[in-house]
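Chemist: give me a 3D structure for the following:
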Amino acid sequence: MRILRLLAIHLRLALSGALAYRADFLIHLFESLLEFGTGLGGLALVFSHTQTLGGWSAPEVVALTGVFFIVGGAVRFAVQPAMESLIESVRDGTLDFTLVKPVDSQVLVGLKRFEIWKLVDVLMGLAVLAVALWKLGAAVGLGDALRFAVALAAGGAIVYSFWLMLATLSFWFVRVENILVIFQSLYEAGRWPVNLYPGWLRFLLTFLVPVAFATTVPAEALSGRIGWEKILLSLGVAAGMLVLSRLFWKIGSRHYSGASA
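Modeler: Modelled structure (predicted):
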């Protein structure tokens with residue numbers, strides 16, 4: 001309950017800050033619409049020349065695009081701002097104020113900052129996903145929807161854990177912003193099915209930089225392309241990543257010297 005209260009407080013503060021600068025909403029809306037239109041325009045161009053893409057139909061790729069926007073928007077709404085704030089606080093020593101509070105420091109870091117207007121991307125992703133579901137129609141059953149929900153939650157946990165481990169590197173290497181930029185660039189590959197890429201890149205996007213678990217696997221679950229075996233694999237990877245990132249955080253925070261060092 002304490003964590004939920006803290007979440008509500010930080011969300012309220014983030015909303016108040018966002019409403020104070022409403023022009024940011026219009027700017028972000030324009031950027032999101034531009035990215036949205038470019039992405040769907042690219043899909044329309046590709047499927048004007050073919051019926052399938054690597055075995056994926058047009059509605060299935062549209063569903064993948066929706067998942068791509070949902071996960072990307074959620075990352076930019078909560079995960080990326082918090083991790084960037086963590087890196088800044090390690091560099092300037094203000095993480096002291098987080099570590100001395102009587103709440104788990106990892107939880108507090110995760111609630112540090114929210115970018116409310118980034119939820120526009122999530123809403124756009126949901127709209128695209130709804131269109132894809134309408135196109136897929138009866139092909140999507142209750143089991144597919146359940147596998148999709150589980151895979152999406154697992155993918156979100158994997159991406160959060162990966163971002164946390166990258167940001168935790170700031171305890172040893174002060175400036176790690178470039179690493180975060182590299183992840184953002186690789187995430188762009190997630191707007192297409194990973195089976196389209198060469199084997200080495202498919203392995204990279206699945207196990208080293210877990211983009212596939214965040215986008216392709218949920219889209220595959222929704223279209224009935226995979227069974228529970230792969231969903232359980234996603235859950236296993238998510239559990240392992242959460243444990244690993246927790247251990248990484250514990251070890252890294254012990255190396256934090258503080259502002260007084």
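Chemist: CA only for contacts and neighbour counts going forward, please
Modeler: Noted.
Chemist: so where is the stretch 51-200 of the chain shaky, pLDDT-wise?
Modeler: 138-139, 174 (pLDDT under 70).
Chemist: strands along that one, start to end?
Modeler: For the stretch 51-200 of the chain, the strands defined by DSSP state E, counting those that start in this stretch occupy 52-53, 56-57.
Chemist: single out the most deeply packed of those.
Modeler: strand 56-57 (a mean of 17; mean count of other CA atoms under 10 Å).
Chemist: tell me how far Trp134 lies from Phe36.
Modeler: 19 Å (CA to CA, to the nearest Å).
Chemist: the more surrounded of the two?
Modeler: Between Trp134 and Phe36, counting by other CA atoms under 10 Å, Phe36 is the more crowded of the two (18 against 13).
Chemist: which neighbouring elements make contact with whichever strand or helix holds the more buried one?
Modeler: Element membership of Phe36 [criterion: DSSP states H and E] is helix 23-47. Judged by 3 or more CA pairs under 8 Å, 6 or more residues apart in numbering; DSSP states H and E, helix 23-47 is in contact with helix 58-74, helix 119-136.
Chemist: per-residue confidence at Ala20?
Modeler: pLDDT, Ala20: 74.
Chemist: on that earlier part again, residues in contact with the helix holding Phe36?
Modeler: When contacts are defined by CA atoms under 8 Å, 6 or more residues apart in numbering, helix 23-47 is touched by residues 18, 53, 58, 62, 65, 117-118, 120-121, 124.
Chemist: among those residues, which two are most distant?
Modeler: Comparing all pairs in those by CA to CA, the longest separation belongs to Ala18 and Leu53, at 40.2 Å.
Chemist: thinking again about what came up before, quick one, which of the strands of the stretch 51-200 of the chain gets closest to Leu95.
Modeler: The nearest among those, by CA to CA, is strand 56-57 at 46.4 Å.
Chemist: just checking: what are the partner strands of the closest one?
Modeler: strand 52-53 (antiparallel) (DSSP bridges).
Chemist: mind listing residues that contact the strand it pairs with?
Modeler: With CA under 8 Å, 6+ apart, strand 52-53 has contacts from 47, 58.
Chemist: now swap in stretch 152-159 and tell me
Modeler: 71, 210-211, 213-215, 218, 234-235, 237-238, 241-242.
Chemist: may I see the residues you listed arranged in a markdown table, with secondary structure and distance to His10 as well?
Modeler: A markdown table is the format used below for the contacts of stretch 152-159 (DSSP: H, G, I helix; E, B strand; the rest coil; distance: CA to CA, whole Å):
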| residue | secondary structure | distance to His10 |
| --- | --- | --- |
| Val71 | helix | 21 |
| Pro210 | coil | 28 |
| Val211 | helix | 28 |
| Phe213 | helix | 29 |
| Ala214 | helix | 26 |
| Thr215 | coil | 28 |
| Pro218 | helix | 29 |
| Ser234 | helix | 30 |
| Leu235 | helix | 29 |
| Val237 | helix | 29 |
| Ala238 | helix | 26 |
| Met241 | helix | 26 |
| Leu242 | helix | 23 |
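Chemist: need the residues you listed in CSV (columns: distance to Ser32 and neighbour count).
Modeler: Output for those, formatted as CSV (distance: CA to CA, whole Å; neighbours: other CA atoms under 10 Å):
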residue, distance to Ser32, neighbour count
Val71, 14, 21
Pro210, 24, 21
Val211, 20, 26
Phe213, 23, 31
Ala214, 20, 27
Thr215, 18, 31
Pro218, 22, 31
Ser234, 29, 24
Leu235, 31, 20
Val237, 31, 19
Ala238, 29, 24
Met241, 30, 19
Leu242, 30, 20
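Chemist: nearest to Val109 among the residues you listed?
Modeler: For the contacts of stretch 152-159, the nearest to Val109 is Leu242 (15.2 Å; CA to CA).
Chemist: from Gly141, how far out is the closest one?
Modeler: From Leu242 to Gly141 the distance is 30 Å (CA to CA).
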